[in-house]
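Engineer: heads up, no residue letters with this:
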Ligand code: FES
């Protein structure tokens with residue numbers, strides 16, 4: 001309960017907003033190239049990259065402290081290597097996290113900022129630990145590693161809150177029903193060429209697109225953070241851009257062409273019959 005109250009206080013720290021906005025704008029500029037955004041968002045992996053990478057520095061630093069505690073100076077070489085491995089792994093982990101964070105707002109952005117600052121401080125402590133160990137100051141190295149690990153675990157708690165309480169980074173189309181039967185959703189004349197149309201099938205919002213006499217249908221809820229794809233814009237190459245953070249999905253198969261989305265948009269079959277449009281889910 002105390003932890004939750006602390007997190008709520010962090011989320012309400014409006015004093016952080018100017019630093020958050022300036023940092024997020026800088027990160028957004030740095031990750032604007034499609035190749036950079038895709039590499040860091042994890043759409044090549046099929047889910048967000050940052051949570052997967054966090055295991056590496058946390059694991060390495062936790063094992064370093066375990067070796068420190070159980071082996072003492074006899075484990076000095078092993079624990080120094082583990083601290084160093086954690087430092088190397090922290091770089092891509094931080095880059096992926098910063099990219100994800102730059103697309104957040106409000107309470108999530110403030111909590112994410114504190115998460116990042118805590119992790120950066122922990123990394124500095126681990127770097128100091130590695131340097132102390134190199135100089136043969138094992139006790140100092142142990143103390144710095146222990147402090148750094150404690151800070152990392154506190155930051156991990158905030159990260160867990162962002163994912164599992166706030167839903168940052170989860171697939172926002174994950175719990176939608178599938179509709180196996182062809183469902184009448186609109187008149188053919190309702191769908192203009194090149195203008196996305198929002199319809200509903202079995203309670204699930206679907207976006208229809210007609211382009212060059214071809215019909216396409218995707219779930220209208222963006223997998224990244226739930227943005228309305230029917231309010232997005234059509235791009236060349238048969239793609240639809242989400243209006244919220246600019247994820248681009250291929251209309252033909254829902255695949256992610258540009259992050260931050262990392263999960264493909266659920267695809268629907270669509271057909272015209274007797275002046276009406278029908279859709280049904282494509283089995284996953
Ligand atoms: S909601 Fe973020 S890109 Fe669509």
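Structural biologist: Yep, that arrived. Given the structure is predicted, the values throughout are model-derived calculations rather than measurements.
Engineer: Which residues of the protein lie near the ligand?
Structural biologist: 222, 224-227, 242, 244-247, 260-261 (CB under 6 Å from any ligand atom). The C-beta positions use only the backbone N, C-alpha and C, and glycine is treated the same way.
Engineer: okay, those residues in JSON lines with pLDDT and neighbour count next?
Structural biologist: Shown next, in JSON lines, are the residues of the chain next to the ligand (pLDDT from 0 to 100; neighbours: other CB atoms under 10 Å):
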{"residue": "222", "pLDDT": "98", "neighbour count": "27"}
{"residue": "224", "pLDDT": "96", "neighbour count": "30"}
{"residue": "225", "pLDDT": "95", "neighbour count": "21"}
{"residue": "226", "pLDDT": "96", "neighbour count": "16"}
{"residue": "227", "pLDDT": "96", "neighbour count": "21"}
{"residue": "242", "pLDDT": "98", "neighbour count": "25"}
{"residue": "244", "pLDDT": "96", "neighbour count": "18"}
{"residue": "245", "pLDDT": "95", "neighbour count": "21"}
{"residue": "246", "pLDDT": "94", "neighbour count": "20"}
{"residue": "247", "pLDDT": "96", "neighbour count": "29"}
{"residue": "260", "pLDDT": "96", "neighbour count": "27"}
{"residue": "261", "pLDDT": "96", "neighbour count": "31"}
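Engineer: The most centrally placed residue in the chain: what's it in contact with?
Structural biologist: Centroid-nearest residue in the chain, with CA atoms, centre = their mean: residue 169, separated by 3.8 Å. With contact taken as CB atoms under 8 Å, 6 or more residues apart in numbering, residue 169 is in contact with 48, 50-51, 100, 162-163.
Engineer: got CSV for those residues, with secondary structure too?
Structural biologist: Output for the contacts of residue 169, formatted as CSV (DSSP: H, G, I helix; E, B strand; the rest coil):
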residue, secondary structure
48, coil
50, helix
51, helix
100, helix
162, helix
163, helix
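Engineer: any idea which of those is the one closest to the ligand?
Structural biologist: Using CB to the nearest ligand atom, residue 100 comes nearest to the ligand of these, at 10.5 Å.
Engineer: Local confidence estimate at the residue in the stretch 51-200 of the chain positioned nearest to the ligand?
Structural biologist: Taking CB to the nearest ligand atom, the ligand has its nearest neighbour within the stretch 51-200 of the chain at residue 103, 6.0 Å off. pLDDT for residue 103: 95.
Engineer: could you measure it against residue 188, distance?
Structural biologist: Distance, residue 103 to residue 188, using CB to CB, to the nearest Å: 36 Å.
Engineer: In terms of neighbours, single out the busier of these two.
Structural biologist: residue 103 (25 against 13; other CB atoms under 10 Å).
Engineer: now that one: how far from residue 201?
Structural biologist: 28 Å.
Engineer: Is it correct that the residue of the stretch 51-200 of the chain closest to the ligand is in contact with residue 225?
Structural biologist: Yes - counting by CB atoms under 8 Å, residue 103 sits close enough to residue 225 to count as a contact (7.3 Å).
Engineer: if we can go back for a sec, may I ask which two of the residues of the chain next to the ligand are separated the most?
Structural biologist: 226 and 246 (14.6 Å; CB to CB).
Engineer: now the helices: where do they sit in this protein?
Structural biologist: 2-11, 17-30, 34-41, 49-71, 76-101, 106-134, 138-160 (DSSP state H).
Engineer: Between helix 106-134 and the last one, find me the angle.
Structural biologist: Pointing back at helix 138-160 there. Relative orientation of helix 138-160 versus helix 106-134 (axes from the mean of the first three to the mean of the last three CA atoms, to 10 degrees): 160 degrees.
Engineer: who does helix 138-160 touch, helix- and strand-wise?
Structural biologist: helix 2-11, helix 49-71, helix 76-101, helix 106-134 (3 or more CB pairs under 8 Å, 6 or more residues apart in numbering; DSSP states H and E).
Engineer: switch to 6 Å and redo it
Structural biologist: helix 49-71, helix 106-134 (3 or more CB pairs under 6 Å, 6 or more residues apart in numbering; DSSP states H and E).
Engineer: So for residue 80, which of these sits nearest?
Structural biologist: Using CB to CB, the helices and strands packed on helix 138-160 put helix 106-134 closest to residue 80, at 4.1 Å.
Engineer: Show the average pLDDT along that closest one.
Structural biologist: On average, helix 106-134 scores 97.
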